[in-house]
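**Student:** structure of the sequence below:
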Amino acid sequence: MDGVDCFETTSALWCWQSGKPGTTWHFLTIDGQISAEIRYAALGRTGGFGSIRVEARIGGTVWNTSIFPQRESGGFILPVKAAVRKAEGIGEGDEVLVELRI
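**Tutor:** Next comes the predicted model:
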């Protein structure tokens with residue numbers, strides 16, 4: 001991705017289940033130094049709940065979404081929708097390289 005505010009990190013894909021049967025969400029955690037750099041790059045550009053609009057890329061799949069602050073890590077979480085997981089052949093526990101553009 002081209003752009004001044006482009007970041008790359010690798011994280012394990014994890015799953016969160018709601019109380020409703022069959023309702024799951026998959027996320028990547030973005031923490032450490034990269035989360036601090038993202039926070040700085042997004043100053044003045046945050047939305048509700050501290051979200052930050054991003055363009056994300058995993059492999060050949062690019063989509064627009066938001067990252068959200070995560071209290072536990074002090075970083076962010078990136079939701080990874082089913083269409084992306086299917087297109088890239090990734091699942092829970094896989095180490096995934098993601099590029100984010102702010």
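**Student:** right, and residue 25 touches residue 14 too?
**Tutor:** No. Taking contact to mean Cβ atoms under 8 Å, the distance of 9.5 Å between residue 25 and residue 14 leaves them out of contact. The C-beta positions use only the backbone N, C-alpha and C, and glycine is treated the same way.
**Student:** can you get me a residue count around residue 6?
**Tutor:** Burial measure for residue 6: 14 neighbouring residues, criterion other Cβ atoms under 10 Å.
**Student:** how near is it to residue 38?
**Tutor:** 10 Å (Cβ to Cβ, to the nearest Å).
**Student:** likewise for residue 94?
**Tutor:** Look at residue 94 and residue 38: by Cβ to Cβ, they are 22 Å apart.
**Student:** out of those two, which sits in the busier spot?
**Tutor:** A count of neighbours by other Cβ under 10 Å puts residue 38 above the other of residue 94 and residue 38, at 20 against 14.
**Student:** check which helices and strands the helix or strand hosting the more buried one is in contact with.
**Tutor:** Remark: residue 38 resides in helix 33-41, with elements defined by DSSP states H and E. Contacting helix 33-41 under the criterion 3 or more Cβ pairs under 8 Å, 6 or more residues apart in numbering; DSSP states H and E are the following elements: strand 6-12.
**Student:** what pLDDT, on average, does the strand it packs on get?
**Tutor:** For strand 6-12, the mean per-residue pLDDT is 97.
**Student:** what comes up buried for that strand?
**Tutor:** Neighbour-count burial for strand 6-12 flags 7, 9, 11 (criterion: 16 or more other Cβ atoms under 10 Å).
**Student:** export those residues to TSV and append columns for distance to residue 50.
**Tutor:** Written out in TSV, the entries for the buried residues of strand 6-12 read as follows (distance: Cβ to Cβ, whole Å):
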residue	distance to residue 50
7	17
9	19
11	19
